[in-house]
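here's my sequence, what's the structure:
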Amino acid sequence: MKKKIHYNPKLTELARQLRNNSTLSKILLWGELKSGKMLGFDFHRQKPIDNYIVDFFCYDLMLVIEIDGSSHDDERIIEHDARQKKLESLGMRFLRFDDRDVKNKMGWVLEEIEEWIKKNSAHGDTPLHPPFRGESKPNEFQSTIEYSTNIIHEENPPVPFLKEEPITVPLTREESNPNRISAPPLKGGKGGVENNTQIIKSLATQLGFSFCGISKAEFLKEEAPKLEEWLQRGYQGKMSYLENHFDKRLNPALLVPNAKSVVSLVYNYFPKKDLAPTSDLKIAKYAYGEDYHSVIKEKLKEFLAIINEKIGEINGRAFVDSAPVMERALAQRSGLGWIGKNSLLLNREMGSFFFLAELIIDLELEYDGPIKDYCGTCTACMDACPTDAIPEPYVVDGSKCISYFTIELKEEIPQEVKGKFENWIFGCDICQDVCPWNKFSKPHHEPKFMPHPDLEKMTQKDWTEITEDVFEKLFKKSAVKRTKLEGLKRNVLFLNSKKA
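Down below sits the predicted model:
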């Protein structure tokens, strides 16, 4: 049964031009454009899905031209790369473009496709025709769309590779996509590496970030053996997600096509009042107010929007401790500080009570260099850790950290650490509180990080008897919700029974 298609003029214009080329005479538009979104086709599940993809498939060249609008979604990038790897093993070839390039840089897109055809087709001397004007050949083009729709909705598609099962194999650096194409960013007339760098650092200050440093988006060669050994030692504990996407953690260029720069940012969370000294039970300072993920992510979205406005269209992604990014190593390379013996980034002017965030963008900027290590012979953090989670300088055994036990561990807390938590029920600040550099910490100015006024009043009895209503009132938008009420009560019970 034929289905009416609603399509985007920009994309259908590209389809017309591609189809008018003799070497691409059998281009099919695999997708429906509906309600402003692109309803793409899932090669594995053999059904349409809402995944912001439009594919043009050419039987003549066994070529898929993918127009990808999901460059800000980690899971979709991994899914698309895995699909590409599978199809390439079956003889398919890929060209991938960002959907914004198709919208704004049609001429450049066509040039890239034509260049590929010249290199890979026996008919490479055939130029792409200029865009159609008016409504020439509308019926012929409409029939092509309808034909492709019939293929999508058939129960048994004639194309054999559609029957392949989905795969989720993580890609290595060597398997990353060599044909993924990203247009050079527009400079908006105000360009220039130095000027663009100044614009970005000025914007960081205006948006409330304490520091901004920039490093080159490249493979973190020095970190690779360290990460591998850390995982082999089992220091990740039950945090198995840290074992995933090894190559993407080490190379920011695998997270953003044609990435040139990593903009590392510092956002202060040191509170005006430390509640720990006067509280029966303690939670980490970073969790006093609203969840930092959402607070900072909103700022980063605004940051990217203003960059596009002031500098020109760029491709980039924002990260706040929620993707495979080695944020501390990147921040160190950008000169924001050095990694201390407790594995946290230390800054000479504000210690370590801050969040790190990143923009990975395809814009070349001036790079800042790393600074020296100022820990010296100090071992205060190592000496103070009650669970011996810092077995050697600059290495933290995550499976022994109080934060791990009270937040990440979903099972019962091991009895061997009973009596060692020093009344911490969510997270831990011990290794930061004793660090001499944190005497330079200054209170933040973020209203959303302010604690609920009743949090300071909580007694051990209140924590023991905490209800769902009280939990929701105190931690409505807090990171404490990560452990949920059941996890928090487990932690409180574990502390209450320490002398049993």
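
roughly how far apart are the residue nearest to Phe494 when sequence neighbours are not counted and Asp429?
The spatially closest residue to Phe494, leaving aside those adjacent along the chain, is Ile413, at 4.9 Å (CB to CB, 6 or more residues apart in numbering). For every residue, glycine as well, the C-beta is placed using N, CA and C. Look at Ile413 and Asp429: by CB to CB, to the nearest Å, they are 19 Å apart.

ok, now Thr464?
Taking CB to CB as the criterion, Thr464 is separated from Asp429 by 22 Å.

tell me which of these two has more neighbours.
Residue environment comparison for Thr464 versus Asp429 gives the larger neighbour count to Asp429, 21 against 14, counting by other CB atoms under 10 Å.

can you give me the pLDDT of the more buried one?
At Asp429 the predicted local confidence, pLDDT, stands at 97.

quick one: the strands in the stretch 151-300 of the chain?
Assignment of strands within the stretch 151-300 of the chain using DSSP state E, counting those that start in this stretch yields the ranges 211-216, 261-268, 282-283.

which of the ones you listed is buried the deepest?
For the strands of the stretch 151-300 of the chain, ranked by mean neighbour count under the definition mean count of other CB atoms under 10 Å, the leader is strand 261-268 at a mean of 27.

okay, that strand in PDB with CA atoms only?
Coordinates of each C-alpha in strand 261-268 appear next as PDB, following Å, rounded to 0.1, in the frame of the first residue of the first chain:
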ATOM      1  CA  SER A 261      39.500  21.500  19.500                       C
ATOM      2  CA  VAL A 262      38.400  20.600  23.000                       C
ATOM      3  CA  VAL A 263      37.200  23.500  25.100                       C
ATOM      4  CA  SER A 264      37.500  22.500  28.800                       C
ATOM      5  CA  LEU A 265      35.600  24.500  31.300                       C
ATOM      6  CA  VAL A 266      35.500  24.800  35.100                       C
ATOM      7  CA  TYR A 267      32.300  25.500  37.000                       C
ATOM      8  CA  ASN A 268      32.600  26.200  40.800                       C
END
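
ok, the closest residue to Pro414 other than its chain neighbours to Leu474 distance?
For Pro414, the nearest residue in space outside its immediate sequence neighbours is Phe405; the separation is 7.8 Å by CB to CB, 6+ apart. Counting by CB to CB, the separation of Phe405 from Leu474 is 21 Å.

who's more crowded, these two?
With neighbours defined as other CB under 10 Å, Phe405 and Leu474 compare such that Phe405 has more, 23 against 18.

was I right to think that one contacts Phe421?
Yes. Phe405 sits in contact with Phe421 when judged by CB atoms under 8 Å, with a separation of 7.5 Å.

overlap in contacts, those two.
Contact with both Phe405 and Phe421 is made by residues Thr387, according to CB atoms under 8 Å, 6 or more residues apart in numbering.

and the residue found closest to Val396 once you drop the neighbours it is linked to in the chain, how many neighbours?
Setting aside the residues directly before and after it, Val396 is nearest to Ser343 in space (CB to CB, 6+ apart), at 4.4 Å. By other CB under 10 Å, 18 other residues sit near Ser343.

ditto for Lys273
Under the neighbour criterion other CB under 10 Å, Lys273 is assigned a count of 13.

same check on the one 4 residues further on?
Under the neighbour criterion other CB under 10 Å, Pro277 is assigned a count of 8.

now Leu493
Other residues within reach of Leu493 by the criterion other CB under 10 Å amount to 13.

mind checking how far it is from Asp397?
Look at Leu493 and Asp397: by CB to CB, they are 25 Å apart.

with Leu356 instead?
In this view, Leu356 and Asp397 are 21 Å apart by CB to CB.

which regions of the stretch 151-300 of the chain sit below the pLDDT cut-off?
Scanning the stretch 151-300 of the chain with the threshold set as pLDDT under 70 gives 151-191.

where do the helices sit along it?
Ranges of helices within the stretch 151-300 of the chain are 193-206, 223-232, 246-250, 292-310, based on DSSP state H, counting those that start in this stretch.

let me know which of those helices is tucked in deepest.
Greatest burial across the helices of the stretch 151-300 of the chain, using mean count of other CB under 10 Å, falls to helix 246-250, with a mean of 20.

contact partners for the residue nearest to Ile371 when sequence neighbours are not counted?
The spatially closest residue to Ile371, leaving aside those adjacent along the chain, is Gly335, at 5.5 Å (CB to CB, 6+ apart). Shown here is Gly335, whose contacts under the criterion CB under 8 Å, 6+ apart are 213, 368-371.
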